[in-house]
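K.L.:
Predicted structure and sequence below. I'll ask about it afterward.
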Amino acid sequence: MLGFDKHDEHGTIDKNEHRLGRKTRNLRTIKLLYFRSNMLMKWVLFCLFLCGTAEATTCIATDEDFFLWNQKYQSLIDVKSRMSDGDYVVEVIAPSSLDDREFENVVLIFGNSESPFLFVPLQTYDEDGKKVTWYTVAGEMVRNQTLEFSYGEGCGISVSVPVIFN
């Protein structure tokens, strides 16, 4: 006879009691595993918060800042467009740095700069100490286009130059 089995007055095993005992043991095992995994998760989260550091910076440029940067630096960026076989070719030459801030990127914005319908980063290459890029646009696709230049990491300088098609 097993010690956990229940017997009736005739010495027969109550099978429902035997199954209940097994279910109880399984339930205890599941609770123990859940508790251990829950504790493990708590320790992992605790270690992540304890070992991690966070750094946040905020950079707020006002409309006046953008206006002043555009007034000061727009003339240093040369944007030329020309018609070629029904398409426009736009060639851009920009300085490699502004006020000791290195060139970061240039993006082409189609539409309004606050809510553009297309935003495309352009690949640049170095030529004679300047940053150079170009692109072609179909004549029927000529719309409001702006080139946005970024100089310096983080809180850098941003200059917007409208593309004028002749």
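P.N.:
Alright, I've got the coordinates. Numbering: from 1, shown residues only.
K.L.:
So, low pLDDT: which residues of the chain?
P.N.:
1-57 (pLDDT under 70).
K.L.:
which residues in it form strands?
P.N.:
78-84, 87-95, 97-98, 101-111, 116-122, 125-127, 130-138, 145-151, 157-162 (DSSP state E).
K.L.:
Show me what the third one packs onto, helices and strands only.
P.N.:
When you say that, I think you mean strand 97-98. On a contact count with 3 or more CB pairs under 8 Å, 6 or more residues apart in numbering; DSSP states H and E, strand 97-98 meets no helix or strand. (Glycine included, C-beta is placed from N, CA and C.)
K.L.:
For that strand, give me every contacting residue.
P.N.:
If you take CB atoms under 8 Å, 6 or more residues apart in numbering as the criterion, strand 97-98 is touched by 73, 76, 103, 151-152, 157, 159.
K.L.:
What pairs with that strand, parallel or antiparallel?
P.N.:
Within its sheet, and counting by DSSP bridges, strand 97-98 is paired with strand 101-111 (antiparallel).
K.L.:
thinking again about what came up before, of the contacts of strand 97-98, which qualify as buried by neighbour count?
P.N.:
With burial judged by 16 or more other CB atoms under 10 Å, the buried subset of these is 73, 103, 151-152, 157, 159.
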